[in-house]
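[1] fold the following, please.
(chains A, B and C)
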Amino acid sequence: MKLLSVFALLLAILCPATSFAARQSSYELMTPENQAMQDDPNLNPAQFWVMDGQSLWQERVGKRNISCASCHGESKTAMRGVAVQFPKMVQGKLQTLEGQINQCRVTRQHAPRLAYESKELLALTVFVATQSKGMPIAVEETPTNKASLQKGRQWFDTRMGQLNLSCAQCHEDRAGLKLGGSSIPQGHPTAYPIYRLEWQNLGSLQRRLRNCMSGVRAQQFEYGSPEMAQLELFLMWRARGMPLETPGVRP
Amino acid sequence: MSKTSRTSITMPAQAKKDSVIEIRAIAQHDMETGFRYTEAGKLVPRDIIHFFTCRYNGVEVFKAEFHPGTGANPLIVFTTIATESGTLQFEWQGDGAYEAVNQSQITVT
Amino acid sequence: MNKHTYPRRRWLSVFSLLGIGTWLNPVLVFAKKPEAMEAITKIVGSQVPKDGRVKLVIPPLVENGNLVVLKVSVESPMTAQDYVKAIHVIAEGNPLPNIFSAFLTPRSGTANITTRVRLAETQRVWAIAQMSDGSFWQGYAETLVTLSACTEAI
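    Below you'll find the predicted structure:
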């Protein structure tokens, strides 16, 4: 028994909070009512955006007057497993899911790009991501994304803002402890886009990261910027193997 | 200027006569309270759904009144007795001539 | 008995009784917020709502007050002769005390309602039920809200 407790202590010291065995989605920290809100599509407010996305998937747009469905076909089959691979390197550029959707719009549909946090972009993103619900996040380190992943890890470990805090200091070193009345989550992006009760709206991971940065009084990364994509890449890699919960509800 | 939005109804399609069924009704709506300010300091005017009604084969069986304190994307879960087969009609009315309707069929045996 | 200790003992027992009394029945000691009281009076008129039959359930600790699940259940046979006509939910700590009302009929089956409300701060929430016989019953629940709901800049 004593040997077991010593071993457990060593394990706790040597393995950081996000060692594979100890990773936890912030879903676990929510009240049962909020968890039920996420789990039941009839209660989840994000479901409306998923329905909007379903319509947009079929909508013909742009100079070429084609819809997503025109090229990709039925979303359930075509888009299954797609969201869990993002962010990824596409033709030499690191793309987030939102970035890729806009890339398709501009180059294939010849339609204007959709603004970040616009109803349309959120609807399409959550619709595509929902097709991968339940699947493990599949972002791995590859020779092509290695440099971006390293940059993302640097952003995570670098102190920023007037409060001079890095992401790691709270979400790695102090995950599970309390800040104010709330438990500090590990910060895995397993449920994005989320319906955040604070926003009373659906929002992207980038919106949430900007909230974090304003929390430490740092200059926020711009929507769609390379820094955002690098940080997203690192966070998704850090969460690899965890199941995608989209569409999520968070307080 | 009238406007509408998506709504969703969850209720059983079949029920035994005189059993109690649960109905969930949710509408996509920001329920703007009228207490919020823009970054420029301008008051955002109130814009909410005020009434929700449920009619069972034309007879009103349930009504709810929402106020600014009702949450966004308002949800209401209530019960009704499955008296006969037919149509349940749901209606939401609010500011800015907002109106939304939905319906659901039920077979009562 | 020593003459000097008697008055001190008496004061001690008075204060402890007051303390216990506060703990046992805070309603008498902490008054309802005036606007909430006014809203309730508008509903019940000259009547005094009776305690009981109304069960209001909200999570005791709320992470965000923007969307709080609220369940009301009122004991009633729900027959044509004896049913719940209306349920009004009043929040003591919101900018507007009336937050939600439901109007039921004998065809409702039960007087169980679930909705989601905004709570601006830690507070007590009341549910007032109006019965078909004209009587009013009330119940309440208290909750701790860790983040405000109603006041927010876009």
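[2] which helix or strand contains the nearest residue to A:G53 once chain neighbours are set aside?
    Nearest residue to A:G53, sequence neighbours excluded (C-beta to C-beta, 6 or more residues apart in numbering or on different chains): A:F127, at 2.5 Å. C-beta coordinates here come from the backbone N, C-alpha and C atoms, glycine included. Using DSSP states H and E, A:F127 sits within helix A:119-130.
[3] elements contacting that helix?
    Applying 3 or more C-beta pairs under 8 Å, 6 or more residues apart in numbering or on different chains; DSSP states H and E, one finds that helix A:119-130 makes contact with helix A:47-58, helix A:97-107, strand A:201-203.
[4] let's see 6 Å
    helix A:47-58, helix A:97-107 (3 or more C-beta pairs under 6 Å, 6 or more residues apart in numbering or on different chains; DSSP states H and E).
[5] from what I can see A:P87 touches A:L233, true?
    Yes. In this structure, A:P87 is within contact of A:L233 by C-beta atoms under 6 Å, at 4.4 Å.
[6] what about B:D95, how many residues close to it?
    A count of neighbours around B:D95, defined by other C-beta atoms under 10 Å in any protein chain shown, yields 16.
[7] which residues are in contact with it?
    B:47-48 (C-beta atoms under 6 Å, 6 or more residues apart in numbering or on different chains).
[8] let's see it at 7 Å
    Contacts for B:D95 (C-beta atoms under 7 Å, 6 or more residues apart in numbering or on different chains) come out as B:46-48.
[9] what about the residues you listed, which one has the most neighbours?
    B:I48 leads the contacts of B:D95 on contacts (other C-beta under 10 Å) with 21 neighbours.
[10] tell me which parts of chain C are close to chain A?
    Proximity of chain C to chain A is confined to C:59, C:63-64, C:66-67, C:69, C:146-147 under the rule C-beta under 7 Å from any C-beta of the partner chain.
[11] chain C contacts on chain B?
    B:20, B:33, B:35-39, B:44, B:61-72, B:75-81, B:83.
[12] tell me the spacing between the residue nearest to A:M51 when sequence neighbours are not counted and chain C.
    Spatially, and ignoring its direct neighbours in sequence, A:M51 is nearest to B:R6 (5.9 Å; C-beta to C-beta, 6+ apart). Using C-beta to the nearest C-beta, to the nearest Å, B:R6 is found at 17 Å from chain C.
[13] and what of A:N65?
    From A:N65 to chain C the distance is 35 Å (C-beta to the nearest C-beta).
[14] spit out the contact partners of that residue.
    For A:N65, counting by C-beta under 7 Å, 6+ apart, there are no contacting residues.
[15] now it. Its backbone dihedrals?
    The phi/psi pair for A:N65 (degrees, to the nearest 10) reads phi 50, psi 50.
[16] likewise for the one 10 residues further on?
    Dihedral angles of A:S75 (phi, psi; degrees, to the nearest 10) stand at phi -60, psi -30.
[17] and it, how many neighbours?
    Neighbour tally, A:S75, other C-beta under 10 Å: 19.
[18] where along the chain do the helices fall?
    Defaulting to chain A. Ranges of helices in chain A, per DSSP state H, are A:2-14, A:32-39, A:47-58, A:68-72, A:75-78, A:97-107, A:119-130, A:146-157, A:167-171, A:205-215, A:226-238.
[19] other chain: chain C
    C:5-24, C:26-29, C:34-44.
[20] from A:A191, how far off is B:N73?
    Look at B:N73 and A:A191: by C-beta to C-beta, to the nearest Å, they are 17 Å apart.
[21] ok, now A:S225?
    22 Å.
[22] ok, now A:K178?
    From A:K178 to A:A191 the distance is 22 Å (C-beta to C-beta).
[23] repeat that for C:P95.
    31 Å.
[24] okay, those two: which has more neighbours?
    Neighbour count, other C-beta under 10 Å: between C:P95 and A:A191, A:A191 has more, with 23 against 15.
[25] pLDDT at the closest residue to the more buried one other than its chain neighbours, what is it?
    Spatially, and ignoring its direct neighbours in sequence, A:A191 is nearest to A:G248 (2.4 Å; C-beta to C-beta, 6+ apart). Per-residue pLDDT puts A:G248 at 96.
[26] which residues touch A:G248?
    So A:G248 contacts A:38, A:191-192, A:194 (C-beta under 7 Å, 6+ apart).
[27] give me the low-pLDDT residue ranges for chain B?
    Where chain B drops to pLDDT under 70, the residues are B:1.
[28] and with 90 instead?
    Residues of chain B that meet the criterion pLDDT under 90 lie in B:1-2, B:36-41.
[29] quick revisit: give me the residues contacting the helix holding A:F127.
    A:46, A:49-50, A:52-54, A:56-57, A:75, A:79, A:82-83, A:97-98, A:101, A:114-115, A:193, A:202, A:204, A:244, A:246-247.
[30] pull out the buried positions in it.
    A:120-130 (16 or more other C-beta atoms under 10 Å in any protein chain shown).
[31] helices and strands around the lengthiest strand in chain B, which ones?
    Counting residues, the longest strand in chain B under DSSP state E turns out to be strand B:98-108. Judged by 3 or more C-beta pairs under 7 Å, 6 or more residues apart in numbering or on different chains; DSSP states H and E, strand B:98-108 is in contact with strand B:7-10, strand B:14-15, strand B:86-94.
[32] any idea how far C:N98 is from the closest residue to C:V48 other than its chain neighbours?
    Among residues not flanking C:V48 along the chain, C:F136 sits closest, at 7.9 Å (C-beta to C-beta, 6+ apart). Here C:F136 is placed at a distance of 15 Å from C:N98 (C-beta to C-beta).
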